[in-house]
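Below: sequence and its predicted model.
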Amino acid sequence: MRLTKQKRAALVAELLQSYIPEPKVPLNFATPYEALIATLLSAQCTDERVNKTTPALFGIANTPGAMAALRPETIAEIIRPCGLAPQKSRAIHALSHLLIERHDGRVPSTMGELTALPGVGRKTANVILAQIFNTPAFPVDTHIHRCAHRWRLSKAKTPDAIERDLCALFPKEQWNRLHLQIILYARSYCPARGHNINNCPICQHVRPATTAA
């Protein structure tokens, strides 16, 4: 059976709902500020490692004021297991100051305000918009990048371009759930290494070379 890209996308959404019906946010946090810091730490680091690291950090500083009062070197020592500690600690320290100066200590709720914060790129901002403010967004991480290519939903090379392709394929009301479903599905069924198409129901359905682009 020949499938258009739109029909492939609909099939992907159906299968994701079947295999990951209730996706849970993989990072642990209690407040929007903690969510922002945890998401920033997750860059080039596993969610599992972040979740093991943040209790020590949030135990001494879980507000912008408390974090700004710490020295960047102190933050770096705590978050070292997450990698890129010098850069991430400086960003965390600086953005905490800016949240106090510009936003009364609150995490802003727009893409422009979020990406103006040190260390916050579009992906991190999209995560916060989706998971904290329930604003439709489609964050693209390495898992979504990989699956978008494997499932032939996008040929784009950059996260921003893949985001545009996926947003055009799926209804806006599905974006927040879908990005989590893809991440969780990818980890269990469609990994970067050791991928076996026979163990990946979605790839079995959408990767045959005879289907239409």
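Nice, I can see it. On a predicted model such as this, the values are computed, not experimentally measured, just so you know.

what sits against residue 23?
Going by C-beta atoms under 8 Å, 6 or more residues apart in numbering, residue 23 touches 177, 180-181, 183-184. Heads up, the C-betas are built off the backbone N, CA and C, glycines and all.

Looking at the residues you listed, which one is closest to residue 11?
Of all the contacts of residue 23, residue 181 has the smallest distance to residue 11: 13.5 Å, by C-beta to C-beta.

before we move on, what SS does residue 2 have?
Under DSSP: H, G, I helix; E, B strand; the rest coil, residue 2 falls in the coil class.

From residue 206, how far out is it?
The gap separating residue 2 from residue 206 is 12 Å, by C-beta to C-beta, to the nearest Å.

higher neighbour count, these two?
residue 206 (21 against 8; other C-beta atoms under 10 Å).

Surely the more buried one is in contact with residue 4?
No: proximity of residue 206 to residue 4 does not meet the contact threshold set by C-beta atoms under 8 Å, at 11.3 Å.

quick one: low-confidence parts of this protein?
Applying pLDDT under 70 to the chain flags residues 1, 208-213.

Could you rerun that using 90?
Scanning the chain for pLDDT under 90 picks out 1-3, 206-213.

By residue count, which helix of it is the longest?
Longest among the helix segments of the chain by residue count, using DSSP state H, is helix 85-103.

Show the subsequent helix or strand relative to that one.
helix 111-115 (DSSP states H and E).
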